[in-house]
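In: Have a look at this prediction, sequence included:
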Amino acid sequence: MAAMLKKLPAICAGLLLTLSVFAASVQLNEHHPDTYTVRKGDTLWSIAAKFLQRPWQWPEVWQANPQIANPHLIYPGDVINLAYVNGEPRLGLAGNGDSGPRVRAEQLDEAIKPVPLSAIESFLKKPRLLGEDDFKHAAHVVAFEDHHINGATGMLAYVRGLDAQPGQQFVIARAVGRYYEISGSDGHPGQVYRQSLEDRDSRPGMLWHHGPDHFTLHGNVHFLGYEMLQFGTVQVTRAGNPASALVMSSDYEVRAGDYVLPLDTVNYDFQYVPHAPKQVSPNMQVIAFTDALNVVGRLQVVALSAGARDSVENGQVYSIFSPGDVVNDYTDYPEESTKAFLHPKDAQVQLPEEYVGHVMIFRTFDRVSYGLIMDGIRPVHLGDHLYEPDHK
């Protein structure tokens, strides 16, 4: 995984930037600079935001020069110049003219990333969604050597239900949440929810013993998957049931009941160059976030109620809107008045949705995706709605 992450800068957007057929919709910032010197800590999003009103449009207006080796990289100290060619704005490296960026000898790790890798790295490696059948039959830790209550790196763990041979490696994971969808009986789009499981030590039970035909008073219930947190690795030392496995690494203590899963062989798509989605899944919402109880802000990660099955893909940018509250009009409908009593619905006023910020997708599962908050003017709340990035 570390080697894969080091390749991330190679997918950065090009520096020889020319307008494309979509240029008619591109608008420069009113107070954009004529030049900008790239600094350590910059990202392609933050650089694009200095010139463009819509930073996610850079794939539409920037194009790499195919004649230059490694044209996709920029480094701290590079100077980006805004010029006009035939009346059209054009961005490029100062002093390079039309020849494109010069070939660089610096390490790829020093190149500017599309987004801050530190904000999302753990979410690329650690979370994993597991289906119900896989979850029900997953091997799990039952005990540790010398009667230890918990396990740590270098200790033997005893794993039940693990069909493996000595030398094979697996990941240690813990169930931290489960996702489910309730689809309304009135034909409205389903709504996805996340239930936290972080305080449970035993194997969580199935949600309502769900099934395709199961329903609640609110509608049909569909299970989407368990969110597993991968936090360590083990190597089998002795086959059997239980099998013996040496804890090779662990971010924190291993507990009885933790799951032992096959290594994650997913080849992550790191080419999340920002772009607008072709369509937005109905009722797409913020359903979870980390390191906060009620709200999150810029450069924090959120879970969203749509995934690859809904045409969500890495790099898509959405606008976030907070739903408006319903308030009472006490001016025209005073409290305890006959008018308010006879017309309670007329006394209620639905306030409009308010813009919050933009989120960019960086990892997708089948029905759930993770996004990074890129900018905003107010905090993000659970239940906030998502639209196309230009939604007003």
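Out: Structure's in. What do you need? Numbers count the residues shown, from 1 in each chain.

In: Under the pLDDT cut-off, which ranges of the stretch 151-300 of the chain? List them.
Out: Segments of the stretch 151-300 of the chain classed as low confidence (criterion: pLDDT under 70) are 184-190, 198-219, 266-272, 290-295.

In: got the residue ranges for the strands in it?
Out: Assigned by DSSP state E, counting those that start in this stretch, the strands in the stretch 151-300 of the chain fall at 156-160, 169-183, 191-196, 215-216, 219-238, 243-250, 259-262, 286-289, 295-296.

In: Using a markdown table, please lay out the ones you listed together with distance to Asp366.
Out: Yep, even glycine has a C-beta here, placed from its N, CA and C like the rest. Listed next are the strands of the stretch 151-300 of the chain as a markdown table, based on distance: least, Cβ to Cβ, whole Å:
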| stretch | distance to Asp366 |
| --- | --- |
| strand 156-160 | 27 |
| strand 169-183 | 10 |
| strand 191-196 | 12 |
| strand 215-216 | 22 |
| strand 219-238 | 7 |
| strand 243-250 | 28 |
| strand 259-262 | 17 |
| strand 286-289 | 15 |
| strand 295-296 | 24 |
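
In: Tabulate those strands in JSON lines, adding columns for distance to Asn150 and mean neighbour count.
Out: Formatted as JSON lines, the entries for these read as follows, by distance: least, Cβ to Cβ, whole Å; neighbours: other Cβ atoms under 10 Å:
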{"stretch": "strand 156-160", "distance to Asn150": "10", "mean neighbour count": "21"}
{"stretch": "strand 169-183", "distance to Asn150": "12", "mean neighbour count": "20"}
{"stretch": "strand 191-196", "distance to Asn150": "22", "mean neighbour count": "17"}
{"stretch": "strand 215-216", "distance to Asn150": "38", "mean neighbour count": "12"}
{"stretch": "strand 219-238", "distance to Asn150": "12", "mean neighbour count": "20"}
{"stretch": "strand 243-250", "distance to Asn150": "10", "mean neighbour count": "20"}
{"stretch": "strand 259-262", "distance to Asn150": "15", "mean neighbour count": "20"}
{"stretch": "strand 286-289", "distance to Asn150": "27", "mean neighbour count": "22"}
{"stretch": "strand 295-296", "distance to Asn150": "31", "mean neighbour count": "17"}
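
In: Quick one, which of those gets closest to Leu386.
Out: Proximity of those to Leu386 was assessed by Cβ to Cβ; the nearest stretch is strand 286-289, lying at 7.4 Å.

In: to the chain's geometric centre, what's the distance from that closest one?
Out: If you compare the mean C-alpha spot of strand 286-289 with that of the full chain, they lie 10 Å apart, counting by Cα atoms, centre = their mean, to the nearest Å.

In: cool, stretch 380-392 as well?
Out: Mean C-alpha position of stretch 380-392 versus that of the full chain (Cα atoms, centre = their mean) differs by 15 Å.

In: Need the contact partners of stretch 378-392.
Out: Applying Cβ atoms under 8 Å, 6 or more residues apart in numbering, the external contacts of stretch 378-392 come out as 54, 56, 276-277, 280, 283-289, 294-297, 300, 302, 304, 306, 317-323, 353-354, 356-359, 373.
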